[in-house]
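A.B. asks: Please find the sequence and the predicted model below.
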Amino acid sequence: MSEEHLRQQLREAADAHRPDRARMLARVERGMHERPAADEPERRPAVGWVRIAGITAGVVGALAVGGFAVGSALRPDPAPRQQQVAVSPTQTPPQAGNPLWADGSVDPGSNAYWAQSNVTFKTNSQLTGLTVELRVAQTGKVNSTGHWRSLPADDFTESVTERDGFLVYRWVLRPGRSVPVGEHVFAGQYNHAEGGRDAGADDYVVTGRTRDGQRVSVDGDFAEK
């Protein structure tokens, strides 16, 4: 049963209920004309009046309570409380004249045996060329366990090689594909020797080309800022 249907039934019940006024007045009138029996003390009529008054008050009270219940049910629902929701601030895109911004960081989900290095970059121009290279220093037992990027996999050729003491992850945008304006992530995953690994020697470079042919590049490392 819907809320609106319930309200309609309560309204109809309230309108249909009318106290039998004539019957109540007749009962009061009979009480006024009753005479006490000869062997009964004169205080009996007072008791009768108290009883009648009690009955009348009870009826009136019941009607009042019933009216309050119906009125409460028919009263419109209070307006819902407004709620404030905290929203995380959006990250500021690169400023005009600086098409690329990038940052390197070790993922917080890394542990004493395994790690993930993230290269996050933003571009305020569509790119028709892009190469991302992540170099992880061979600090002991470093070997690749995978990699991923937030852009479509089919748009890139990917490779992982070992060169000059580094594990090198490389992503190259395929011809005819493009990188949209926004923030993008490229990540390399690897095992390493037990313990806290020092990422101070790791680095990255992001090189791109805008639609008008401008070449842009940004690089950095993973040292604590």
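C.D. replies: It's in. In this text, all values refer to a predicted model and were calculated from it rather than measured experimentally.
A.B. asks: what sits against G146?
C.D. replies: Going by CB atoms under 8 Å, 6 or more residues apart in numbering, G146 touches Q189. All C-beta atoms are positioned from the backbone trio N, CA, C, and that covers glycine.
A.B. asks: Now the element after the worst-scoring helix or strand of the chain on mean pLDDT, going C-ward?
C.D. replies: One helix or strand of the chain scores below all others by mean pLDDT, DSSP states H and E: helix 44-74, with a mean of 41. As assigned by DSSP states H and E, the chain's next helix or strand after helix 44-74 is strand 100-106.
A.B. asks: Give the pairing partners of that next one; include direction for each.
C.D. replies: Strand pairing for strand 100-106, determined by DSSP bridges: strand 114-123 (antiparallel).
A.B. asks: Okay, buried residues for the strand it pairs with please.
C.D. replies: A115, Q116, S117, N118, V119, T120, F121, K122, T123 (16 or more other CB atoms under 10 Å).
A.B. asks: cool, and stretch 129-143?
C.D. replies: G129, L130, T131, V132, E133, L134, R135, V136, A137, Q138, T139, V142.
A.B. asks: Filter these down to just the ones in strands.
C.D. replies: Among these, the ones falling in strands (DSSP state E) are G129, L130, T131, V132, E133, L134, R135, V136, A137.
A.B. asks: Distance to H147 added to those residues, as a markdown table?
C.D. replies: Formatted as a markdown table, those follow (distance: CB to CB, whole Å):
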| residue | distance to H147 |
| --- | --- |
| G129 | 20 |
| L130 | 15 |
| T131 | 15 |
| V132 | 10 |
| E133 | 12 |
| L134 | 8 |
| R135 | 13 |
| V136 | 11 |
| A137 | 17 |
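A.B. asks: which one of those residues is nearest V179?
C.D. replies: L130 (5.1 Å; CB to CB).
A.B. asks: Hmm, T207 and the closest one touching each other?
C.D. replies: Yes - counting by CB atoms under 8 Å, L130 does reach T207; the two are 7.2 Å apart.
A.B. asks: Domain-wise, how is this structure divided?
C.D. replies: Annotated domains of the chain cover 3-74, 100-221 [automatic domain parsing].
A.B. asks: Is it possible to get CSV of the ones in strands among the buried residues of stretch 129-143 that adds distance to G165 and pLDDT?
C.D. replies: Converted to CSV, those look like this (distance: CB to CB, whole Å; pLDDT from 0 to 100):
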residue, distance to G165, pLDDT
G129, 28, 97
L130, 26, 98
T131, 21, 98
V132, 20, 98
E133, 15, 98
L134, 15, 98
R135, 9, 98
V136, 10, 98
A137, 7, 97
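A.B. asks: any idea which of those is closest to R163?
C.D. replies: Set against R163, the nearest of those by CB to CB is R135 (8.2 Å).
A.B. asks: where does this structure have low pLDDT?
C.D. replies: 1-3, 5-6, 9-97, 224-225 (pLDDT under 70).
A.B. asks: one step back: from the buried residues of stretch 129-143, which two are the most distant?
C.D. replies: G129 and T139 (32.2 Å).
A.B. asks: re the thing from before, of all the buried residues of strand 114-123, which two lie farthest apart?
C.D. replies: Across the buried residues of strand 114-123 (CB to CB), the longest gap, 26.2 Å, separates A115 and T123.
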